[in-house]
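In: Okay, here's the prediction I keep looking at, along with the sequence it came from:
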Amino acid sequence: MQEKQPKPPLLLLSSQLSLQNRGYEVTLNSAFLSWKEVETRQKRTAANIYGPLKAAGSHYVPVCEIISVQETEEDCPSTGIGKWQKVPQSLAESNQYAFTVSYVERTQKHRWRCSEVTLHCTDRTLCLQWVQAIREQLSLLTIRPKRLLVYINPYGGKHRGKRIYEQKVAPIFSRASISTDVIVTERANHARDHLKMEADLKKYDGVVCVGGDGMFSEIIHGLISRTQCDSGVDQNRADETLIPCSLRIGIIPAGSTDCICYATVGSNDPVTSALHIVVGDSQPMDVCSIHHNNTFLRYSVSLLGYGFYGDVLTDSERKRWMGPARYDISGVKTFLSHRYYEGTISFLPADENVGTPRDKLQCRSGCNICRLPSADKQVSKDEESISDTEKKGVWQVIRGKFLAINAACMSCACPRSPKGLSPAAHLADGTADLILVRKCSRFDFLRHLLRHTNKDDQFDHPFVEVYRVRQFRFTPRYEDTDSELELREAEGSGRKRFFSQICREHPACTCSLAHSSWNCDGEILPHAAIQVRVHCQLIKLFARGIEEQSVFEEPYTLSAI
Ligand SMILES: Nc1ncnc2c1ncn2[C@@H]1O[C@H](COP(=O)(O)OP(=O)(O)OP(=O)(O)O)[C@@H](O)[C@H]1O
Ligand SMILES: CCCCCCCCCCCCC/C=C/[C@@H](O)[C@H](CO)NC(C)=O
Ligand SMILES: [Ca+2]
């Protein structure tokens, strides 16, 4: 059978316009806007005098990466961003009509910038024809959001959320004609509660949070709970199939770690994130639900860490005033304390078709593993939707003394750990990577931790095991008493605990406290015994996953067009 050829893009408009006093052949088709310089007769050399007009300096912008188009008035600011347009004198006379196209330009380290080109026309009708033709193409891009609900945490990271939004993001949204309702939060959980109980979600095409991982966590808790509540699904049932959220979520990074933004976009740059929202990207993401005795506790999308990362977080919460540096101070302190915890981990391994945590291949934009039909990935109480291997799935059990138990639903890449805690984990494959670091010497543990920050394989140690799982449970060796739980809860809210109080309750605990807390996406979860299940693609982000480097390096070539 003959393969179906893709339809060539439809030519919509083509004119000779001028740009910086030079003639350009400008073309708009259904896929690209392009402009290429046309050599003038004066510039021709004797060698090519009878040849065709040669095109040089070609530029191609995919229509889906155009942000806006505006008629440019002379001696007026060309855009809402405050740059003044200089029109050369000769052009001002012959080409006084112009329009400006703003579009996405890729720079290094996965950052996007808003670039613009101003093209001059000899008559106004032609100028308006161009503006209209480009706007018509943009209006066909129905995946772009038109109305957004924005929550700003003024206290995240270095307390710059409000300024970042006003100075870097709002001008881009307004240029792209996106209207917004902005709420500056007044307390922790303000955004979560508003989304869960008050917000009129039908009015919006997406929700945006300005802040860090903690703020993102508030947004997903609000949205997921609201979606389940509206559909009559009980979150307290650990075996319940959850309903995916329909609204996409945008993250404007303004936190301390910004791990979710970094791992889904490739950078923690507010302008890049704003542009991914404007072009209407969509990246599905897995979410873990965490239960304790059939009571719902929390959701997690990045790191769920017991032991080392739980203790780092508990200590760092008392140092919030230090800003992002708190994690480094608490990291060193926790490392020196070298506490280990005893318990049992049981887990349900994932099928082999989703790869393994030791794969060299990483989850990137358009990832094939994340695109596998979701019926193969989803664990559901409904037998029919469970794949054959899954039906045969056998729970495995591991007992021991652990310095750290980490579950990463995605790579957890962040500026501190550019490849992440589990570099081969996938954003949307319905699995998490379970990393067990057994008790070892301080020196060995340091070697393992340092590998989070470089290219070496952090799993290549005899005291580290890693499994790709769909569900897991952890039971600490010593039962959690209500009073100890209360103490850890108090710690989570910033009150100090007394070492002696804990150890009196645990005579068997000779060298350290019996329990750690879970670090759940940067929030403290005081319960030690938990049940975790990955829900495949429960939420969607305004992102596209990390683009392959080649997209940045190679400009669009003619063959691609
Ligand atoms: N107005 C507010 N006052 C106090 N706390 C708030 C407010 N709004 C949100 N929060 C809480 O602040 C906490 C931290 O916020 P955020 O995640 O934005 O920054 P961060 O902790 O510095 O960064 P990261 O989570 O990336 O490490 C969140 O748990 C959130 O619930
Ligand atoms: C003594 C040397 C210690 C070096 C350790 C460096 C490793 C850094 C790896 C950080 C990975 C963080 C994963 C992301 C977790 C987020 O969910 C959370 C909330 O923002 N952040 C933290 C730090 O818990
Ligand atoms: Ca995953």
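Out: The structure has been received and is ready for your questions. Ligands and ions are numbered 1, 2, ... in the order given.
In: Residue 286 against residue 425, yeah?
Out: No. Counting by CB atoms under 8 Å, residue 286 does not reach residue 425; the two are 9.3 Å apart. Heads up, the C-betas are built off the backbone N, CA and C, glycines and all.
In: Between those two, which is the more surrounded one?
Out: Between residue 286 and residue 425, counted using other CB atoms under 10 Å, the more crowded position is residue 425 (29 against 25).
In: Just the buried residues of the stretch of helix or strand residue 227 belongs to, please?
Out: Following DSSP states H and E, one finds residue 227 within helix 213-230. For helix 213-230, a neighbour-count test (16 or more other CB atoms under 10 Å) marks 213-228 as buried.
In: picking up where we left off before, mutual contacts of residue 286 and residue 425, please.
Out: Residues touching both residue 286 and residue 425 (CB atoms under 8 Å, 6 or more residues apart in numbering): 409, 410, 431, 432.
In: What does the pLDDT read for the third one?
Out: Listed pLDDT for residue 431 reads 97.
In: Please tell me how far the closest residue to it other than its chain neighbours sits from ligand 2.
Out: Nearest non-adjacent residue to residue 431, counting by CB to CB, 6 or more residues apart in numbering: residue 350, 4.2 Å away. Distance of residue 350 to ligand 2, given as CB to the nearest ligand atom, to the nearest Å: 21 Å.
In: Run through the residues that contact residue 350.
Out: 429, 430, 431, 468, 469, 470.
In: Just checking stretch 336-352 against ligand 3, any contact.
Out: No. Stretch 336-352 does not reach ligand 3 (CB under 5 Å from the ion); its nearest approach is 9.2 Å.
In: Quick one: end-to-end length of that stretch, please.
Out: Stretch 336-352 has an end-to-end distance of 38 Å (CA to CA, to the nearest Å).
In: Need the distance between the two termini of stretch 97-116.
Out: Using CA to CA, one end of stretch 97-116 lies 16 Å from the other.
In: on that earlier part again, kindly indicate which of the shared contacts of residue 286 and residue 425 lies nearest residue 66.
Out: Nearest to residue 66 among those, counting by CB to CB, is residue 410 at 30.1 Å.
In: Spell out which parts of the stretch 151-300 of the chain neighbour ligand 1.
Out: 153-157, 185-190, 211-215, 218, 255-258 (CB under 6 Å from any ligand atom).
In: What residues are bridge-paired with the residue in the stretch 351-500 of the chain positioned nearest to ligand 1?
Out: Residue of the stretch 351-500 of the chain nearest ligand 1, by CB to the nearest ligand atom: residue 414 (8.2 Å). According to DSSP bridges, the residues that bridge with residue 414 are residue 417.
In: and it, what pLDDT?
Out: In this prediction, residue 414 carries a pLDDT score of 93.
In: Run a quick neighbour tally on it.
Out: Residue 414, neighbours per other CB under 10 Å, totals 25.
In: so who does it touch?
Out: Residue 414 neighbours (CB under 8 Å, 6+ apart): 257, 258, 259, 262, 263, 268, 420.
In: any idea how far ligand 3 is from the residue lying closest to the second one once chain neighbours are set aside?
Out: The spatial neighbour of residue 258 that comes closest, neighbours along the chain excluded (CB to CB, 6+ apart), is residue 268 at 4.1 Å. For residue 268, the distance to ligand 3 under the criterion CB to the ion, to the nearest Å works out to 20 Å.
In: residues in contact with residue 268?
Out: 253, 258, 261, 262, 414, 415.
In: Is there a neighbour count for the residue of the stretch 51-200 of the chain found nearest ligand 3? I'd like the number.
Out: Using CB to the ion, the closest approach of the stretch 51-200 of the chain to ligand 3 is made by residue 110 at 20.0 Å. Residue 110 has 18 neighbouring residues, counting by other CB under 10 Å.
In: and the closest residue to it other than its chain neighbours, backbone torsions?
Out: Of all residues not flanking residue 110 in the chain, residue 266 sits nearest, at 3.0 Å (CB to CB, 6+ apart). When quoted as degrees, to the nearest 10, the phi and psi of residue 266 stand at phi 100, psi 0.
In: Touching, residue 266 and residue 548? I think so.
Out: No. Judged on CB under 8 Å, residue 266 makes no contact with residue 548 at a distance of 10.1 Å.
In: tell me how far the ends of stretch 346-365 are from each other?
Out: Using CA to CA, the two ends of stretch 346-365 sit 32 Å apart.
In: Check stretch 478-485 too.
Out: With CA to CA, one end of stretch 478-485 sits 12 Å from the other.
In: Just the CA atoms of stretch 301-320, as PDB, please.
Out: C-alpha atoms of stretch 301-320 as PDB (Å, rounded to 0.1, in the frame of the first residue of the first chain):
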ATOM      1  CA  VAL A 301       4.300  14.600  41.000                       C
ATOM      2  CA  SER A 302       8.000  14.800  41.600                       C
ATOM      3  CA  LEU A 303       9.900  13.500  44.700                       C
ATOM      4  CA  LEU A 304       8.400  11.400  47.400                       C
ATOM      5  CA  GLY A 305      11.400  11.000  49.700                       C
ATOM      6  CA  TYR A 306      11.700   9.300  53.100                       C
ATOM      7  CA  GLY A 307      14.900   9.400  55.200                       C
ATOM      8  CA  PHE A 308      17.500  11.800  53.800                       C
ATOM      9  CA  TYR A 309      15.100  14.100  51.700                       C
ATOM     10  CA  GLY A 310      12.400  13.900  54.400                       C
ATOM     11  CA  ASP A 311      14.900  15.000  57.100                       C
ATOM     12  CA  VAL A 312      16.400  17.700  54.800                       C
ATOM     13  CA  LEU A 313      12.900  19.200  54.300                       C
ATOM     14  CA  THR A 314      11.900  18.900  58.000                       C
ATOM     15  CA  ASP A 315      15.100  20.800  59.000                       C
ATOM     16  CA  SER A 316      14.800  23.300  56.200                       C
ATOM     17  CA  GLU A 317      11.200  24.300  57.000                       C
ATOM     18  CA  ARG A 318      12.600  26.000  60.200                       C
ATOM     19  CA  LYS A 319      15.000  28.000  58.100                       C
ATOM     20  CA  ARG A 320      12.500  29.300  55.500                       C
END
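In: can you tell me how far the residue of the stretch 151-300 of the chain found nearest ligand 3 sits from residue 121?
Out: Per CB to the ion, residue 286 is where the stretch 151-300 of the chain lies closest to ligand 3, at 4.0 Å. Computed as CB to CB, to the nearest Å, the residue 286 to residue 121 distance reads 50 Å.
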